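# Turn this into a structure:
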Amino acid sequence: MPLVATLLFGSLARGDQSEGSDTDLLMIILDEETRHVSIGHLSLFFYPWGQLERDARAGDLFVCHLVQEAKPLYDPDGYLPRLQQAFQFKATYEIEIARATDFAWFLVNYGAELNSRLLVKRALWCIRTILISRSAERRDPVFAPERLAEQTSSVAGRELLQNRRGARDVTAVCRSLKQFLIDDVIEDHPLAKADRNKFIERFVTTSNKVALQTLRQQEASQADYF
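Purely as a prediction, here's the structure:
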């Protein structure tokens, strides 16, 4: 697995980290396998250069995060500047917003089935993806949770972003997420009262990877329990 660059991104790269913040490292490799390894507060993301370059040209939000905020820890051949040069914004991020909105309504209805830590993480992912996508459409991408909180008119959404590491009751999280959707996204969503199978069909049809991965995690957790 030839390693050609290591990039620091996230709160430590921005300098707005707090107690409990993760250390996020992107390892650019020349293999074709993508992997994520998490050890405590350390997250290692192994990405093939070819995929990163393709995603940059496609306006991918994760790559947008990297080109805007990443700091090179090891990059002798200048892969970060090459990635920055390759990046092109999409004309619209409506697909990303739609996927996050679909998943958020699923969490409103069925999030109580998840453990509280995973629920909070996924609820925040939905809110952040919606707000980041909007900022990317303005060509002024924002990623820091505190700055994202300034981008929403929803008090419930701001509270979730600003107090993201506090202890949470699952019912309260679902209620706050629903209020964010009503305040700042769309109240009359076609899946707002859908059954579980209808959501799953939608996730498969729209290639909602985060939603499907969460469902697999839930199934694995239940299998381990029994």
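
# Now do the buried residues in the lowest-mean-pLDDT helix or strand in the chain.
Scoring the helices and strands of the chain by mean pLDDT, DSSP states H and E places helix 209-225 at the bottom, with a mean of 80. Judged by neighbour count (16 or more other C-beta atoms under 10 Å), helix 209-225 contains these buried residues: Ala211, Thr214, Leu215. Yep, even glycine has a C-beta here, placed from its N, CA and C like the rest.

# Next, give phi and psi for Pro48.
phi -70, psi 140 (degrees, to the nearest 10).

# nearest residue to it other than its sequence neighbours?
Nearest residue to Pro48, sequence neighbours excluded (C-beta to C-beta, 6 or more residues apart in numbering): Glu32, at 5.2 Å.

# what's the neighbour count on that neighbour?
9 (other C-beta atoms under 10 Å).

# Repeat that for the one 10 residues further on.
With neighbours defined by other C-beta under 10 Å, the count for Leu42 comes to 11.

# Can you name the residues that contact it?
Contacts for Leu42 (C-beta atoms under 8 Å, 6 or more residues apart in numbering) come out as Asp22, Thr23, Leu25.

# are any of those residues buried, and which?
Applying 16+ other C-beta under 10 Å to the contacts of Leu42 flags Thr23, Leu25 as buried.

# Nearest to Cys174 among the contacts of Leu42?
Asp22 (24.3 Å; C-beta to C-beta).

# OK, contacts around the closest one?
Counting by C-beta under 8 Å, 6+ apart, the residues that Asp22 touches are Gly10, Ser11, His41, Leu42, Ser43.

# Run through the strands of this structure in chain order.
3-9, 23-29, 35-39, 42-48, 71-74 (DSSP state E).

# now the fourth one against strand 3-9, angle please.
Comparing the axes of strand 42-48 and strand 3-9 via axes from the mean of the first three to the mean of the last three C-alpha atoms, to 10 degrees yields an angle of 130 degrees.

# Okay, now the sheet partners of strand 42-48, with direction.
strand 23-29 (parallel), strand 35-39 (antiparallel) (DSSP bridges).

# mean confidence for that strand?
Per-residue pLDDT over strand 42-48 has a mean of 94.

# repeat for stretch 131-150
96.

# Could you do stretch 117-126 as well?
Stretch 117-126 comes out at a mean pLDDT of 94.

# got the contact list for that stretch?
100-101, 103-104, 107, 111-112, 114, 145, 160-161, 164, 168, 170, 173-174, 176-177, 210, 214, 217-218.

# Buried ones only from these, please, as a ChimeraX command.
In ChimeraX, this line selects whichever of the contacts of stretch 117-126 come out buried by 16+ other C-beta under 10 Å:
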select :100,101,103,104,107,111,114,145,160,161,164,168,170,173,174,176,177,214
